[in-house]
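J.: Starting from these lines, generate the structure:
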Amino acid sequence: MELKHSSHSSSFRALVIAAHGIPPSDYPGMKVGLLMMLEIFNEKVRWGLLEKWHARLDHEVRTWKRTPQTDPYQSAVEKLASRLSERLGIPVYVGYNEFCAPTVAEAIEQALSKGACTVTVVSTMLIRGNTHTESEIAETVHQVAQAHPEAKILYAFPVDEELVIDLLATHVQQFEETA
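T.: As a prediction, this is how the structure comes out:
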């Protein structure tokens, strides 16, 4: 889905991987539960104090110190980004929808600040039907694109279902051959 065009062609491209994110294993579980409860409650009733509490907890979990042991998901996404950058020959940045920093918006902004004229955002969540890809990430990309009319910001979603089927079929076949 293309969200913004510029009138000039770009020579410097970048990619942003929009990953889900998880709380690190050493972050207090009670705070994760509270954060999720506040998020659900805030969707229904906007109360300033609760919004501030949610924002504080969200910032705390996103900026919590992480290691490969406490957040193997973040390590895997960072490795994926590095390998994808090598394959595509362009910078690849990572942004997280929740629980980790930087946010998707911050990752797009980082790519733009490094001189990218075209930024494509792709999610690790490949199939349709979830609010993260269908609305949250799409809205974030749209907002950043609106703020940067000079840039071409694309959201590579939805992923063609045949590509997902090919990926999973190839994976299952290779897995079964080596099992």
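J.: Next, count neighbours for Phe12.
T.: 13 (other CB atoms under 10 Å). Any C-beta I mention is one placed from the backbone N, CA and C, and that applies to glycine too.
J.: How about Thr131?
T.: With other CB under 10 Å as criterion, Thr131 counts 10.
J.: try Val164
T.: 14.
J.: What pLDDT is listed against Lys52?
T.: In the prediction, the pLDDT value recorded for Lys52 is 85.
J.: Can you give me the buried ones in the worst-scoring helix or strand of the chain on mean pLDDT?
T.: Lowest by mean pLDDT, DSSP states H and E among the helices and strands of the chain is helix 29-44, with a mean of 84. Neighbour counts over helix 29-44 (16 or more other CB atoms under 10 Å) mark Val32, Leu35, Leu38 as buried.
J.: So which of the residues you listed is the closest to Lys52?
T.: Of all the buried residues of helix 29-44, Lys52 sits closest to Leu38, with 10.0 Å by CB to CB.
J.: Might you report the residue contacts of that closest one?
T.: When contacts are counted by CB atoms under 8 Å, 6 or more residues apart in numbering, Leu38 touches Leu50, Trp53, His54, Leu57.
J.: Give the closest residue to the second one in space, chain neighbours not counted.
T.: Leaving aside its sequence neighbours, Trp53 sits nearest to Leu38 (CB to CB, 6 or more residues apart in numbering; 6.1 Å).
J.: hang on, the earlier thing: any chance of the contacts of Leu38 in JSON lines with distance to Gly115 and secondary structure as columns?
T.: Converted to JSON lines, the contacts of Leu38 look like this (distance: CB to CB, whole Å; DSSP: H, G, I helix; E, B strand; the rest coil):
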{"residue": "Leu50", "distance to Gly115": "40", "secondary structure": "helix"}
{"residue": "Trp53", "distance to Gly115": "38", "secondary structure": "helix"}
{"residue": "His54", "distance to Gly115": "34", "secondary structure": "helix"}
{"residue": "Leu57", "distance to Gly115": "34", "secondary structure": "helix"}
